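> fold the following, please.
(one chain, ligands or ions: 1)
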Amino acid sequence: MRAYDIILKKRKGNKLTKEEIAFFVNSYTKGGIPDYQASVLLMTIYFKGMDDEETANLTEAMMNSGDVYDLSSISGKKIDKHSTGGVGDKVSIILAPLVASAGVVVPMMSGRGLGHTGETLDKLESIPGFRTNLTKDEFISNLKKINVAMIGQSELIAPADKKLYALRDLTGTIESIPLIASSIMSKKLAEGIDGLVLDVKTGSGAFMKKERDAVRLAKNMAAIGKKTGKKVVALITDMDQPLGNAIGNSLEIKECIEVLKGRGPQDLIDITLELGAYMLKLAGKVNNVAKGKDILKRHLSDGSAYQRFRDMVELQGGDVRAIDNPSLLPSAKFSKELLSERTGYILKMDTEAIGIASCMLGAGREKVEDKIDPAVGIVIDKKNGDKVKIGERLALLHYNAEDRLAETYKKLQGAYLISSKRPKKRQLIRRIIMA
Ligand code: URA
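You can find the predicted model right below:
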């Protein structure tokens, strides 16, 4: 087999076989195919696309390029959730212990990335002592003890994706639906799960700005699930405004603790219950989503979800005193109110700009080597459709570095569009997609 023939076949618009895809992925990962040939194949896939079978074969080839976890020694169904990322998206931190408390094993692995959305791993690491780098044995042992562990993805998971993703980043081929779908799914399927609930976000703060693209991505990932024998459900959810109110690492942990104690913002609760109910359904714990939501609501109000979170923090080396008393979590030295310059309704929020503003305060990274400040961020007071008066508070900035404030304030101010017209209410859960 020759890389040249595979490129030519795809260039002519023909379908690649499982063997051709596996050959290309394996040879490229081992250094047997040069970057220029891999770049050309990626660009050809970008223009010619891949059907469901080719995408599933690409996913399997990338998954098999590294470690594939075997969790069969743990009894019960293993179900994970993956979000394509959004501003203030802290759902995993509530969802994983909540669903675990209802008897489902949740082996949650998150990747490290850059960008405006913040990372689950950074959020968890704002809890003093919390370790996200458990060994495989520790990971499995914790899952056996409490049904849940939240860790960073090992370097040994899907190395082919790592190499190909870096090349895509340099060659303008990130935005290809089959390449995104196979990249995400290769890493998730390597976790040894039985089922996966996907939260595919759409809107101004999402990777997929247009709902049409989010739906295409979700359908592609659900089809990969079907072809690889895994249960996959995808929810298309709103990211035209931040989720909950808090953005920034320890601020988000504080909000998660509120929800785990049966309080907190309604949109965050609603989306967590919906995703969690589908996880229970995929695990066979309930036969309908309404029943799943009832169980999870009970676990939020009777303290069992909070207790499971506390157990997870303790087992992963975190200081539970900071959980029981969130004022012990990192907090910023200064705060500044963002005030409304006019009276009206919040018509639109540029959610990506809000995420970037939080990163500018130090909550996220621009470069891999950047250090983040766990204490800083933004707490939103007003969201889409809310009425505001001139001089009323829209948000509170929590900051440490005074030299970053003026520019960030301006960025945040520019993210709000206020109008005299009351906008239509948006739906949080837009669509449910199953294979
Ligand atoms: N996230 C991934 O893991 N891969 C992509 O291609 C895009 C987003």
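> separation between the residue in the stretch 201-350 of the chain that the ligand sits nearest to and Leu328?
Shortest the stretch 201-350 of the chain-to-the ligand distance, computed as Cβ to the nearest ligand atom: residue-wise this is Phe207, at 6.4 Å. For every residue, glycine as well, the C-beta is placed using N, CA and C. In this view, Phe207 and Leu328 are 34 Å apart by Cβ to Cβ, to the nearest Å.
> what does Gly103 give?
Distance of Gly103 to Leu328, computed by Cβ to Cβ: 31 Å.
> for the nearest residue to Met43 once chain neighbours are set aside, report the pLDDT, please.
Spatial nearest neighbour of Met43, excluding adjacent residues (Cβ to Cβ, 6 or more residues apart in numbering): Thr173 at 5.7 Å. Thr173 carries a pLDDT score of 91 in this model.
> could you shift the numbering so residue one becomes 46, and keep it that way?
Right, with 46 as the first residue, what we last looked at is Thr218.
> tell me where the stretch 146-295 of the chain has strands.
For the stretch 146-295 of the chain, the strands defined by DSSP state E, counting those that start in this stretch cover 151-155, 193-197, 240-247, 276-283, 291-292.
> related to what we said a few turns ago, can you name the residues that contact the residue nearest to Met88?
Ser84, Leu87, Met88, Ile90, Tyr91, Leu212, Leu224 (Cβ atoms under 8 Å, 6 or more residues apart in numbering).
> out of those residues, which is most surrounded?
Within the contacts of Thr218, neighbour counts (other Cβ atoms under 10 Å) peak at Leu224, which reaches 23 neighbours.
> quick check: it touching Arg213?
Yes. At 6.4 Å, Leu224 and Arg213 qualify as touching, with contact defined as Cβ atoms under 8 Å.
> measure the nearest residue to Pro371 once chain neighbours are set aside to His344 for me?
Residue nearest to Pro371 in three dimensions, not counting chain neighbours: Lys299, with 4.7 Å by Cβ to Cβ, 6+ apart. In this view, Lys299 and His344 are 20 Å apart by Cβ to Cβ.
> try Arg366
23 Å.
> looking at those two, which is more packed in?
Between Arg366 and His344, His344 has the larger neighbour count (other Cβ under 10 Å), namely 23 against 9.
> residue contacts, that one?
Taking Cβ under 8 Å, 6+ apart, we find His344 in contact with Leu143, Ser146, Ala147, Ala350.
> between those, which is nearest Lys264?
Nearest to Lys264, judged by Cβ to Cβ, of the contacts of His344 is Leu143 at 27.5 Å.
> so what touches the helix or strand containing that closest one?
Using DSSP states H and E, Leu143 maps to helix 136-146. Helix 136-146 is touched from outside by 124, 126, 128, 151, 153, 155, 165, 168-169, 191-193, 195, 244, 288, 297-298, 301, 304-305, 313, 316-317, 320-321, 324-325, 341, 344-345, 349-350, 352-354, 356-357, with contacts defined as Cβ under 8 Å, 6+ apart.
> now that helix: mean pLDDT?
98.
> from the centroid of this protein, which residue is nearest?
In the chain, the residue lying closest to the centroid (Cα atoms, centre = their mean) is Ser128, at 3.3 Å.
> quick check on that residue: phi, psi?
phi -110, psi 140 (degrees, to the nearest 10).
> with adjacent residues omitted, what lies nearest to it?
Asp244 (4.1 Å).
> that neighbour contacts Met284, doesn't it?
No. Between Asp244 and Met284 there is no contact under Cβ under 8 Å: 9.5 Å.
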